[in-house]
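Q: Give me a 3D structure for the following:
(one chain, ligands or ions: 1)
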Amino acid sequence: MSSTLIPLCFVGAAVRTRSAGPADCAMEDHHHHTATIAHTWLAAMAIAVLPILSVLILAATKQMGRTVFAPPKRREPPVAEGAPLLGVLPAILTRSLQGVICDQYLKLGSVFTLSSLGVKVTFLVGPEVSAHFFHAAESEISIGDVYKVTVPIFGKGVGYDVDNDTRNEQHRFFADTLRPAKLRSHARLMVREVEEYFARWGQSGTVDLKQQVEDVLLLIASRCLLGKEVRDHMHDEVSSLLRELIGGLHLVSLFFPYLPTPAHRRRDRARARLEEIFSGIARLRKSSCSSGRGAGDDGDRDHDMLQGLLDSRYRDGRGTTEAEVTGLLVALLFAGHHTSATVTTWTAARLLRHTEWLHAATEEQRLLQRNDQNDAAAIDYDVLLRMDVLHRSVKEALRLHPVTPMILRRARRPFTVRTQDGSEYEVPEGRMLASPLVVNNLLQGIYRDPDVFDPDRFAAWREEDRVGGDLAYTSFGAGKHACMGEGYAYLQIKVILSHLLRNFELRLLSPFPETENMISMRPKGEVMVSYRRRSLLQ
Ligand code: HEM
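A: Predicted coordinates for the structure are as follows:
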């Protein structure tokens, strides 16, 4: 979940798109079917939904056929032409958001505004114009204004319900629970979950890999984030409570988050029950500590994030409340599960389609197994760090299939942006801003043959992203709100994929997937794969 990079990719507005972007915005076929919003409904909100409210306010300033605005004091970014009143909306719906952004980028340059029904979103394309967007303080460029909608899901007292300082402290708790020393023990738990899960597969068979990946990642989350008690006794209940929480997010929630609809009531009940569960576990843990029984039987309990958050303290010495811990855990689940599942499935689909890379990644596993003299089958934290081809394959799949089409912010103060060709624009206060990953990730100035799946572009001898500067590759965000779970995400994705490569011969039976819809960047439909057990060392 983007910052909480909340992949609310769960909101189900399916807007199919067609047509390719212009040649310079190279992208493959399936890409032409996508146009979407950030982890989310956020894009929907920006492009399609907020306008409905805003039109009422702005109608007075419009004429049919052309919108007339009060003359700007300074030069604002150029606005894309569009239909009367609806602006670019018809183009987005008949074509694709990605295609429209690409067109306008080629036409108007790296800074431009899309407008529809009175709402304007200014797009900043490429690293040269994105520094302020990613690095400015909250008082200048706000993430909180954009993600307020998460409050009823995460609950009061956490995330975007609290002031910026408190939120920063809560992010420090996340950072503590995700630091490398903790990741080492998470890796051990992840490997155990993955081995157990795939042991259920037969000698050979056919599966929907997308579903399998979602399931195993939920088990990993249950174990690493929520703890042994949930994993062993409450996994099914907690999984369905999380589904209820997600199901409580509809378009109507954007405007009336507390309207007593059945879905909102279910959401609130689920949130309350989760708090009850986590509070119960917290009390049990406290009492087992005071009775001298210590941590978990297997010594793992100390390492789960639930415990990390229960032990966290604010700077003034205050501990976290059980309600806060519940909210923070839900936020982490939102941020980490859907995103990782999407990237794992896309990477698998890419490897199975581009067999030269499947071969390279498999050979890497064979070598790692051979070189590991102690235990040829072992995958641990250090081995995972040595999976270079696999790592680059994941990174490259994420470049071509970002989990969110764009990252959104709101300008709290006006600012000036300079383009590479020397144009200078004043972006006004209150303007919604977007950094479109679906276009940034395909810029030819940064990536050679951008629509080709080529993990070597990130190899030490090319490093196209580094050459492009620190804002060239922003699939994990950047700057002030860079993803805090990147290391954890790579670990769990590589644990799953390396286990599959080592133990199964896989074939993609479905056609290469399209992207789901305007709101979700997941692979569309089932991703059917056949498997046959094997050992790489024989
Ligand atoms: C492949 C998987 C993932 C991808 C592609 C991803 C991507 C992102 C992106 C793009 C952002 C920035 C959003 C913005 O600026 O609005 C972000 C933020 C964040 N991510 Fe991830 N993420 C992934 C997995 C995870 C995981 C596993 C966790 C935690 C367990 C996590 C925790 C966070 C948090 C806490 C933030 C908010 C940082 C802030 O607001 O300061 N993410 N992520």
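
Q: now the strands: where do they sit in the protein?
A: 62-63, 66-67, 111-116, 119-124, 141-142, 204-208, 406-411, 415-418, 424-427, 432-436, 504-508, 528-533 (DSSP state E).

Q: near the ligand, which residues of the stretch 151-300 of the chain show up?
A: By the rule Cβ under 6 Å from any ligand atom, the part of the stretch 151-300 of the chain lying against the ligand is H171, F174. C-betas here are computed from N, CA, C, even on glycine.

Q: Tell me where the stretch 151-300 of the chain is predicted with low confidence.
A: Residue ranges of the stretch 151-300 of the chain with pLDDT under 70: 289-300.

Q: and if you look at the stretch 401-538 of the chain?
A: The model of the stretch 401-538 of the chain has pLDDT under 70 over residues 518-519.

Q: Which stretches in it count as helices?
A: Along the stretch 401-538 of the chain, counting by DSSP state H, counting those that start in this stretch, helices occupy 437-440, 464-467, 486-503.

Q: I'd like to know which of these lies nearest to the ligand.
A: Between the ligand and those, the tightest spacing by Cβ to the nearest ligand atom is seen for helix 486-503, at 3.6 Å.

Q: Tell me if the closest one is near the ligand.
A: Yes - remark: helix 486-503 sits within contact range of the ligand at Y488, A489, by Cβ under 6 Å from any ligand atom.

Q: For the remainder of this discussion, apply numbering that starts at 15.
A: Understood, numbering begins at 15; the last thing we discussed is helix 500-517.

Q: for R547, what are its contacts?
A: R547 makes contact with W215, Q217, S218, N517, F518, E519 under the criterion Cβ atoms under 8 Å, 6 or more residues apart in numbering.

Q: again but with H146, I slipped
A: Contacts of H146 by Cβ under 8 Å, 6+ apart are E154, I155, F429, V431.

Q: Excluding residues flanking it in the chain, which one is nearest the residue in the stretch 365-514 of the chain that the ligand sits nearest to?
A: In the stretch 365-514 of the chain, the residue that lies nearest the ligand is G499 (2.0 Å; Cβ to the nearest ligand atom). Nearest non-adjacent residue to G499, counting by Cβ to Cβ, 6 or more residues apart in numbering: G350, 5.1 Å away.

Q: one step back: is it possible to export the strands of the chain to a markdown table including distance to R193?
A: Below are the strands of the chain laid out as a markdown table (distance: least, Cβ to Cβ, whole Å):
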| stretch | distance to R193 |
| --- | --- |
| strand 76-77 | 52 |
| strand 80-81 | 50 |
| strand 125-130 | 37 |
| strand 133-138 | 31 |
| strand 155-156 | 27 |
| strand 218-222 | 35 |
| strand 420-425 | 24 |
| strand 429-432 | 33 |
| strand 438-441 | 36 |
| strand 446-450 | 27 |
| strand 518-522 | 33 |
| strand 542-547 | 35 |
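
Q: now what about stretch 325-340, what contacts it?
A: 169-172, 180, 183-184, 186-187, 190, 285, 288-289, 292-293, 296, 320, 323-324, 342.

Q: Scan the contacts of H146 and report the most crowded one.
A: The residue in these with the most neighbours, by other Cβ atoms under 10 Å, is I155 (23 neighbours).

Q: residues touching it, list them.
A: H146, F147, R423, R424, A425, R426, F429, L447 are the contacts of I155 under Cβ under 8 Å, 6+ apart.

Q: could you measure the second one against L203, distance?
A: For F147, the distance to L203 equals 36 Å [Cβ to Cβ, to the nearest Å].

Q: Look at those two and report which has more neighbours.
A: F147 (26 against 20).

Q: surely that one meets L447?
A: Yes - contact status for F147 versus L447: in contact at 5.9 Å, counting by Cβ atoms under 8 Å.

Q: Need the overlap of contacts for these two.
A: In terms of Cβ under 8 Å, 6+ apart, F147 and L447 are both contacted by the residues L138, I155, R423.

Q: partners of the first one in the sheet?
A: L138 forms beta bridges with V125, as assigned by DSSP bridges.

Q: Neighbours of it, how many?
A: When neighbours are defined as other Cβ under 10 Å, L138 has 28 of them.

Q: confidence score at it?
A: The model reports L138 with a pLDDT of 98.

Q: wouldn't it be in contact with F147 here?
A: Yes - L138 lies in contact with F147 (Cβ under 8 Å); the separation is 5.4 Å.

Q: tell me, what's touching these two both at once?
A: Common neighbours of L138 and F147, counting by Cβ under 8 Å, 6+ apart, are L447, S449.

Q: so which of the helices of the stretch 415-552 of the chain comes closest to Q383?
A: helix 500-517 (6.7 Å; Cβ to Cβ).

Q: helices or strands next to that closest one in the packing?
A: With contacts defined as 3 or more Cβ pairs under 8 Å, 6 or more residues apart in numbering; DSSP states H and E, helix 500-517 has these neighbours: helix 194-212, helix 223-235, helix 336-367, helix 369-385, helix 395-399, helix 402-414.

Q: Enumerate the positions of it that are buried.
A: Using 16 or more other Cβ atoms under 10 Å as the burial criterion, the residues of helix 500-517 that qualify are 501-517.

Q: Check stretch 435-452 too.
A: S437, Y439, V441, P442, R445, M446, L447, A448, S449, P450, L451, V452.

Q: The second one: what's its closest spatial neighbour, skipping adjacent residues?
A: Spatially, and ignoring its direct neighbours in sequence, Y439 is nearest to P91 (4.4 Å; Cβ to Cβ, 6+ apart).

Q: now the fifth one
A: In space, and not counting its chain neighbours, R445 is closest to A425: 4.7 Å by Cβ to Cβ, 6+ apart.

Q: Against S236, how distant is the residue nearest to R198 when sequence neighbours are not counted?
A: Excluding the flanking residues, the one nearest R198 by Cβ to Cβ, 6+ apart is Y395, at 4.4 Å. Distance, Y395 to S236, using Cβ to Cβ: 20 Å.

Q: With neighbour numbers in mind, choose between the two.
A: A direct count of neighbours by other Cβ under 10 Å for Y395 and S236 places S236 higher, at 25 against 18.

Q: correct me, but that one touches V244?
A: Yes - if you go by Cβ under 8 Å, S236 and V244 touch, sitting 5.4 Å apart.

Q: Nearest spatial neighbour of R400, chain-adjacent residues omitted?
A: With Cβ to Cβ, 6+ apart as the criterion, R400 has its nearest non-adjacent residue at 6.2 Å, and that residue is L382.
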